[in-house]
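In: The following block contains a protein sequence and its predicted model.
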Amino acid sequence: QKEVEQDPGPLSVPEGAIVSLNCTYSNSAFQYFMWYRQYSRKGPELLMYTYSSGNKEDGRFTAQVDKSSKYISLFIRDSQPSDSATYLCAMRRTFGNEKLTFGTGTRLTIIP
Amino acid sequence: DTAVSQTPKYLVTQMGNDKSIKCEQNLGHDTMYWYKQDSKKFLKIMFSYNNKELIINETVPNRFSPKSPDKAHLNLHINSLELGDSAVYFCASSQPMTGGEQFFGPGTRLTVL
């Protein structure tokens, strides 16, 4: 079993819909959680970075962490065709330069 | 003003050859990483250097040898290339003392024929 599980999709939703992307993890030592967006043939781009449990909002994006359930989510409101990409969750145990453990990514398509 | 850059962007080569990929960051970060992304988009850490010192060395064949001449550069040399080495290789950098967010380069797509 992988340390981080993520539904690979693909996920297709109409423009304007709310998108929910999720990851589950098995290592309770993870404390720092990230969401990256990766466009086709590009490098991952950091979208959200959160510590421990709780919510964080940035524009149309909201990241949620529930450490008791070992479950993290990314919500995208008013989805746009430009949001079409692969979304990768990532996490690590400590502050600093520890490696990131990634999910497999969810491929998202927003249909105009 | 590219933050993390890699060369080459594409690399097509024959089995058995030796090749190198270069990475440079101008963010002033102390830590640099190499990740491998397979055909299913799974990203996995290979190596990490902090201020030219190797700090992460995952289970990677010893045909892969990283080298960091200074903290702004991290290169990856691969000997005796195999078909299974075909993947996209990403370089990343971070500054541990200010949160450790990792910033990725554009990737090098390696195809071994």
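Out: It's in. None of the values given here were measured: they were computed from a predicted structure.
In: got the residues of chain A near chain B?
Out: Neighbours of chain B within chain A, by CB under 8 Å from any CB of the partner chain: A:8, A:32, A:34, A:36, A:38, A:41-46, A:49, A:86, A:88, A:90, A:92, A:95-100, A:102, A:104-105, A:107. All C-beta spots, glycine's among them, are computed from the backbone N, C-alpha and C.
In: ChimeraX command to pick out the buried ones of the residues you listed?
Out: This is the ChimeraX syntax for the buried subset of the residues of chain A next to chain B, where burial follows 16 or more other CB atoms under 10 Å in any protein chain shown:
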select /A:32,34,36,38,43,44,49,86,88,90,92,96,97,98,99,100,102,104,105,107
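In: Could you pull up the contacting residues of B:Cys23?
Out: B:Val4, B:Ser5, B:Gln6, B:Met32, B:Trp34, B:His73, B:Leu74, B:Asn75, B:Leu76, B:Cys91, B:Gly105 (CB atoms under 8 Å, 6 or more residues apart in numbering or on different chains).
In: Correct me if wrong: the last one contacts B:Ser5.
Out: Yes. Here B:Gly105 lies in contact with B:Ser5, judged by CB atoms under 8 Å, at a distance of 6.0 Å.
In: which neighbours do these two share?
Out: With CB under 8 Å, 6+ apart as the test, B:Gly105 and B:Ser5 both reach B:Cys23, B:Gln25.
In: Low-confidence stretches in chain B?
Out: Applying pLDDT under 70 to chain B picks out residues B:1.
In: Just grab the bridge partners of the residue positioned nearest the centre of chain B for me.
Out: Geometric centre of chain B, nearest residue: B:Trp34, 3.1 Å, by CA atoms, centre = their mean. Beta-bridge partners recorded for B:Trp34 (DSSP bridges): B:Phe47, B:Cys91.
In: Thought A:Leu88 was touching A:Ile72, still the case?
Out: No. At 11.8 Å, A:Ile72 does not count as touching A:Leu88 under the criterion of CB under 8 Å.
In: So what's the residue count around B:Lys9?
Out: Applying other CB atoms under 10 Å in any protein chain shown, we find 13 residues neighbouring B:Lys9.
In: how close does it sit to B:Arg63?
Out: Per CB to CB, to the nearest Å, B:Lys9 is found 22 Å from B:Arg63.
In: out of B:Gly105 and B:Ser5, which sits in the more crowded spot?
Out: For B:Gly105 versus B:Ser5, the count of surrounding residues by other CB under 10 Å is larger for B:Gly105: 28 against 14.
In: Next up, the contacts around the residue lying closest to that one once chain neighbours are set aside.
Out: Leaving aside its sequence neighbours, B:Gly105 sits nearest to B:Val4 (CB to CB, 6 or more residues apart in numbering or on different chains; 3.9 Å). With contact set as CB under 8 Å, 6+ apart, B:Val4 has these partners: A:Gly43, B:Cys23, B:Glu24, B:Gln25, B:Leu27, B:Cys91, B:Ala92, B:Ser93, B:Phe103, B:Phe104, B:Gly105, B:Pro106.
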